[in-house]
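Asks: Kindly return the folded structure for what I paste below:
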Amino acid sequence: MEIAVEGIRVSPSHWQNVRKLPKAALPRLTDAQKTVAQKMGISEEDYARSAMAGEETQQNLLAKTEKFARLLEERIKAHDARAKVSRVALITIEHRFEVVAVVNGAKLSLRIDESLVDDLFESGSAEAEKSLDRVIEMGIGQRVA
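Replies: Numbering: from 1, shown residues only. Presented below is the predicted three-dimensional model:
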């Protein structure tokens, strides 16, 4: 199964954490990164902090996407034991997951709001669980060959 995070996002908490780091703890920039920082009119230090915060956020988003993919595959297999999720991608700018699966030999495409997944993982929301199942059921009913 392919797991992806498309786009970049920096969480405020990661940004705050890297702002507290001493300059010596920051990663060294490549010549290309230095050029980009200069073109953007920001200091190399701020660029390095931003890159570091972005990397931490991306790792968290990838872990969330992997966790969601495992849950989603279980839910879809409950409808058809032969079902297979082939791709789960978090589209960061749109705050949604795009899912591709094969159910009963037919391709299934789903779009699921990231906020729904956050509600499910962060609070164990029964309503979020029902909503996810409803999205899956609706998607299975609208498969494309």
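Asks: Could you list the buried residues of the helix or strand hosting V85?
Replies: Element membership for V85 (DSSP states H and E) is strand 84-91. For strand 84-91, the neighbour count (16 or more other CB atoms under 10 Å) marks V85, V88, A89, L90 as buried. For every residue, glycine as well, the C-beta is placed using N, CA and C.
Asks: how far out from the middle of the chain is that strand?
Replies: 10 Å (CA atoms, centre = their mean, to the nearest Å).
Asks: cool, stretch 31-49 as well?
Replies: Using CA atoms, centre = their mean, the offset of stretch 31-49 from its chain centre is 26 Å.
Asks: buried sites along it?
Replies: By neighbour count with 16+ other CB under 10 Å, stretch 31-49 contains the buried residues A37, E44, Y47, A48, R49.
Asks: neighbours around S125, how many?
Replies: Using other CB atoms under 10 Å, S125 has 15 other residues around it.
Asks: where does the protein have low pLDDT?
Replies: Scanning the chain for pLDDT under 70 picks out 141-145.
Asks: all strands of it, in order?
Replies: Secondary structure of the chain (DSSP state E): strands located at 2-6, 84-91, 96-103, 106-113.
Asks: Only C-alpha atoms, please: export the strand holding V85 in CSV.
Replies: Taking Å, rounded to 0.1, in the frame of the first residue of the first chain, the C-alpha atoms of strand 84-91 are listed here in CSV:
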residue,chain,number,x,y,z
LYS,A,84,-7.4,-4.0,-0.8
VAL,A,85,-6.4,-0.4,-0.1
SER,A,86,-3.8,0.6,-2.7
ARG,A,87,-3.2,4.2,-1.8
VAL,A,88,-3.8,6.7,1.1
ALA,A,89,-2.6,10.2,0.6
LEU,A,90,-3.0,13.2,2.9
ILE,A,91,-3.4,16.3,0.7
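Asks: List the contacts of it.
Replies: 1-7, 61, 64-65, 68-69, 72-73, 76, 96-102, 114 (CB atoms under 8 Å, 6 or more residues apart in numbering).
Asks: Next up, the contacts around E73.
Replies: Counting by CB under 8 Å, 6+ apart, E73 touches M1, A83, K84, V85, A101.
Asks: Noted, bye for now.
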